[in-house]
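J.: Sharing a model that was predicted from the sequence below.
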Amino acid sequence: MKLEVSTDYLIGRPKKRLPAYRYRRACRLMGLPKFTRPKGHDDELCCNLYVANCGPAVGLTIDSITSAFSKFGTVTGVYPADESGSRVIVSYYDENSAQSALKALDRCPCPDLGGRSLHIRYSVQRPQLQVVATDSVEVCLEASELNIPGIYLIHDFVSAQEEEQLLAAVDARPWHSLAKRRVQHYGYEFCYDIRNVNTQHRLGNLPSFVDCILQKIPVFKKLDEAADVSLDQLTVNEYPTGVGLSPHIDTHSAFEGSIYSLSLSGPCIMEFRGSDDDNDRDKERSNSRRRAIYLAPRSMLLLSGEGRYAWQHYIPHHKVDKVKDTVIRRGSRRVSFTFRKVRKGPCQCDYSQFCDSQS
Ligand SMILES: O=C(O)CCC(=O)C(=O)O
Ligand SMILES: [Fe+2]
């Protein structure tokens, strides 16, 4: 999709006044240079001026601002200082021009701008931030590329229509708000303080609206013979954009060996950290134990075996994810349905160093 971005407010463009909402949208989309106060002494000369009480929101066109400031030297650009529409950055070709304008116009009524009193100080350009973190790890599209035993992913596990019905069903039921996301629990409540369930307190059967999912779960047996398909606990998570989940291994003593997670509505990536070198401070080695997979809406992930018992999983707190060569924006929300089977006795897995039953 090609974004239509108006550049009317920059000098050298058609001279018409922008409505405030278009001005703010243009500021966001253009990724304009960011300015800040200079670090050095206040009297240090700069080419840029931060001008408050000035801009389209107070009735001044960018053209009229350019013209008023051009009296003091060559103006190379007039930029929004923020999204308010009432603060701009005026950039000069040289520092002396900026100094003359500051001396003449700061806190004095400006006749060329309708007698408005401007508040002016020097400003410097901030280096642009990198959009994608540099410590990112290659994101796989298929579980087989991950190279972690016990992790499987099936795309399009539910249809778009089923997705819509599942979302409508949970949205018709009460959400419980945590600090950054909302949850619902069925079967048994998951207690976040003890990272476990109270097996004495069963809430009831899983709701009938998830029957369409439970009926299809046995297809995982084709991928993993040992997959558990009799599930009795469901946690529904709703993550707003940019919210993720901290690294964890689901408590061994709380749940059996197969954990399923259905992604709905928005995409995200899930990262995995092999934690057998938790005490190893060697960054290169621990990086080689980091993996990531793209979770498309309607896909179902299975964590079992080593992937469930010995690897931490987490969702980075990103608004966008880089998948292969594409930058993918998280949706306004991601809703996941995590199905598990509550464990009734101690865990007897082969990963005792991660097992709360065996430590
Ligand atoms: O949202 C997800 O897909 C994962 C949720 C999860 O890991 C958990 O609830 O333990
Ligand atoms: Fe988990």
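T.: Received it, and whenever you're ready, just let me know what you need. Ligands and ions are numbered 1, 2, ... in the order given.
J.: Spit out the contact partners of Asn48.
T.: Phe35, Ile89, Val90, Ser91, Tyr92, Ala98, Tyr122, Ser123, Val124, Gln125 (Cβ atoms under 8 Å, 6 or more residues apart in numbering). C-betas here are computed from N, CA, C, even on glycine.
J.: Give me the pLDDT for Val90.
T.: If you check Val90, the pLDDT there is 93.
J.: Look up the residues forming beta bridges with it.
T.: Counting by DSSP bridges, Val90 is bridged to Leu49, Val78.
J.: I figured it hits Ser97, correct?
T.: No - applying Cβ atoms under 8 Å, one finds Val90 not in contact with Ser97, separated by 9.7 Å.
J.: More neighbours: those two, which one.
T.: Between Val90 and Ser97, counting by other Cβ atoms under 10 Å, Val90 is the more crowded of the two (30 against 22).
J.: Among the contacts of Asn48, the buried ones, what's the PyMOL command?
T.: A single PyMOL command selects the buried members of the contacts of Asn48 (16 or more other Cβ atoms under 10 Å):
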select buried, resi 35+89+90+91+92+98+122+123
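J.: The contacts of Asn48: which ones sit near ligand 1?
T.: Among the contacts of Asn48, none lies close to ligand 1 by the criterion of Cβ under 6 Å from any ligand atom.
J.: So which of the contacts of Asn48 belong to strands?
T.: Using DSSP state E, the subset of these located in strands is Phe35, Ile89, Val90, Ser91, Tyr92, Tyr122, Ser123, Val124, Gln125.
J.: Which residues of the stretch 251-359 of the chain lie near ligand 1?
T.: Ser261, His313, Ser336, Thr338.
J.: neighbours around the first one, how many?
T.: Burial of Ser261, expressed as a neighbour count using other Cβ under 10 Å, amounts to 20.
J.: May I ask which helix or strand encompasses the closest residue to ligand 1 within the stretch 151-300 of the chain?
T.: Taking Cβ to the nearest ligand atom as the measure, the stretch 151-300 of the chain has Ser261 as its residue closest to ligand 1, at 3.7 Å. Ser261 belongs to strand 259-264 when elements are defined using DSSP states H and E.
J.: Direction included, what does that strand pair against?
T.: Each strand paired with strand 259-264, and its direction, by DSSP bridges: strand 300-303 (antiparallel), strand 333-340 (antiparallel).
J.: among those, which is nearest Phe354?
T.: strand 300-303 (13.0 Å; Cβ to Cβ).
J.: what residues does the helix or strand following that closest one touch?
T.: Next along the chain after strand 300-303, taking DSSP H and E as the criterion, comes helix 305-309. For helix 305-309, contacts defined as Cβ under 8 Å, 6+ apart pick out 148-151, 224, 226, 249-250, 252, 257-259, 272, 349-351, 354-355.
J.: residue contacts, the residue of the stretch 151-300 of the chain closest to ligand 1?
T.: Contacts of Ser261 (Cβ under 8 Å, 6+ apart): Leu295, Met300, Leu301, Leu303, Ser336, Phe337, Thr338, Phe339.
J.: let's see 10 Å
T.: Residues counted as contacts of Ser261 (Cβ atoms under 10 Å, 6 or more residues apart in numbering) are 153, 235, 237, 270, 295, 299-303, 313, 336-340.
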